[in-house]
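*Asks:* Everything below, folded, please.
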Amino acid sequence: MFTFNVDDPDVAFLVFRVYDEINQQQSKLIGYAAIPLRNVRTGIRSVAIFDEKSFRKGDHMYCSLLVRIHVETLVPLDDLDNNSLEI
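*Replies:* As a prediction, the model looks like this:
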């Protein structure tokens, strides 16, 4: 599980990278996916993986990651006005 804070979700991307570890000193990029954070939804999702040239062909044609995502929006109390709180 990874937890991180995002200051500006309008320009943020969630990036997945998949590596093949050749040995402890070397690893090779197998593929990646980059998703605008605004498009990420909670739940179990299939994320399409692209090769290093951003193509889905050959070995990457049907390659994907199955991920479980939980999105939680935290708003600093200073950003809320008194009329926007619901209890």
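*Asks:* When you work out contacts or count neighbours from here on, use the C-alpha atoms and nothing else.
*Replies:* Noted.
*Asks:* Does the residue nearest in space to the middle of the chain lie in a helix or a strand, and which?
*Replies:* In the chain, the centroid-proximal residue (C-alpha atoms, centre = their mean) is Leu14; its distance is 3.0 Å. With secondary structure defined by DSSP states H and E, Leu14 is part of strand 13-21.
*Asks:* cool, and Leu29?
*Replies:* Assigned by DSSP H and E, Leu29 falls in strand 27-36.
*Asks:* Which SSE is immediately downstream of that strand?
*Replies:* Next in sequence after strand 27-36, counting helices and strands by DSSP H and E, comes strand 43-48.
*Asks:* What are the buried residues along that following strand?
*Replies:* Buried residues in strand 43-48, counting neighbours by 16 or more other C-alpha atoms under 10 Å, are found at 47-48.
*Asks:* Make 12 the starting number, not 1.
*Replies:* Yes, from this point I'll number from 12; that puts the last item at strand 54-59.
*Asks:* How about residues contacting that strand?
*Replies:* Contact with strand 54-59 is made by 44, 73-81, as judged by C-alpha atoms under 8 Å, 6 or more residues apart in numbering.
*Asks:* Would you agree Pro20 falls within a strand?
*Replies:* No: under the criterion used here (DSSP: H, G, I helix; E, B strand; the rest coil), Pro20 is coil, not part of a strand.
*Asks:* before we move on, the earlier item: hey, C-alpha coordinates of the strand holding Leu25 in CSV?
*Replies:* The C-alpha coordinates for strand 24-32 follow below in CSV (Å, rounded to 0.1, in the frame of the first residue of the first chain):
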residue,chain,number,x,y,z
PHE,A,24,-0.5,11.9,-12.6
LEU,A,25,-0.4,8.5,-11.0
VAL,A,26,2.4,6.5,-12.7
PHE,A,27,2.9,2.7,-12.6
ARG,A,28,6.2,1.3,-13.7
VAL,A,29,6.9,-2.4,-14.1
TYR,A,30,10.5,-3.6,-14.0
ASP,A,31,12.3,-7.0,-14.6
GLU,A,32,15.0,-7.3,-12.0
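*Asks:* That'll do, ta.
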